[in-house]
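Undergrad: missing the sequence, but the structure's below:
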């Protein structure tokens, strides 16, 4: 079984905490976990299966470390790679830009030959105005709101991991 590379960006530690929950759900013997502040495109290129996680900051902006890494991922050949995404946001305070960081990464990756999985995540149960992470009424990856719905996080992660399990050969 091929290893999964999980790459996350974080400012407050929440996205790292979620990354660790995901690793426990999948199995720490299967997933290598990386903070994007400390990686290169070559690190990403080593994995056939990838999970990218990001919060949304400021006015719907991508997390700073992702802002630095994402343009450099143009050098990675995503042919044959499978990628799943997760994003964190605050739907009450930032409902007008809810999980926009997730959408920014998605829109960069959709231009590559990568197989994007874990999308089609229902927007039911969330209350927000708009999101760059929303396409045809569903999110492009797992969406979590640790500020307002932390009690739903573990169940949402379990459901999402079950959704991507087959795509990752688990």
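TA: Looks like it came in fine. Keep in mind it's a predicted model, so treat the numbers as computed, not measured.
Undergrad: In the protein, spot the strand with the most residues.
TA: Identified as the longest strand of the chain according to DSSP state E is strand 49-57.
Undergrad: just so I have it, where are all the helices in this structure?
TA: Listed in chain order, the helices of the chain (DSSP state H) span 14-26, 41-45, 64-69, 100-109, 153-164.
Undergrad: which parts of the fourth one are buried?
TA: What that stands for is helix 100-109. For helix 100-109, a neighbour-count test (16 or more other Cβ atoms under 10 Å) marks 100-106, 108-109 as buried. Bear in mind the C-beta positions are built from the backbone N, C-alpha and C, glycine included.
Undergrad: what do you get for the second one?
TA: Residues of helix 41-45 classed as buried: 43-45 (neighbour count, 16+ other Cβ under 10 Å).
Undergrad: How far does the helix or strand of the chain with the lowest mean pLDDT sit from its chain's centre?
TA: Ranking every helix and strand in the chain by mean pLDDT, DSSP states H and E puts strand 61-62 at the bottom, with a mean of 88. Centroid displacement of strand 61-62 relative to its chain, using Cα atoms, centre = their mean, to the nearest Å, is 13 Å.
Undergrad: Counting by contacts, list what that strand packs against.
TA: If contacts are counted by 3 or more Cβ pairs under 8 Å, 6 or more residues apart in numbering; DSSP states H and E, strand 61-62 sits against helix 100-109.
Undergrad: by how many degrees do the helix it packs on and helix 14-26 diverge?
TA: If you take axes from the mean of the first three to the mean of the last three Cα atoms, to 10 degrees, helix 100-109 sits at 70 degrees to helix 14-26.
Undergrad: Which other helices and strands does helix 100-109 contact?
TA: Here helix 100-109 touches strand 49-57, strand 61-62, helix 64-69, strand 82-88, going by 3+ Cβ pairs under 8 Å, 6+ apart.
Undergrad: now with 10 Å?
TA: If you count contacts as 3 or more Cβ pairs under 10 Å, 6 or more residues apart in numbering; DSSP states H and E, helix 100-109 packs onto strand 49-57, strand 61-62, helix 64-69, strand 82-88, strand 115-117, strand 134-135, strand 138-139, strand 142-144.
Undergrad: No further questions, thank you.
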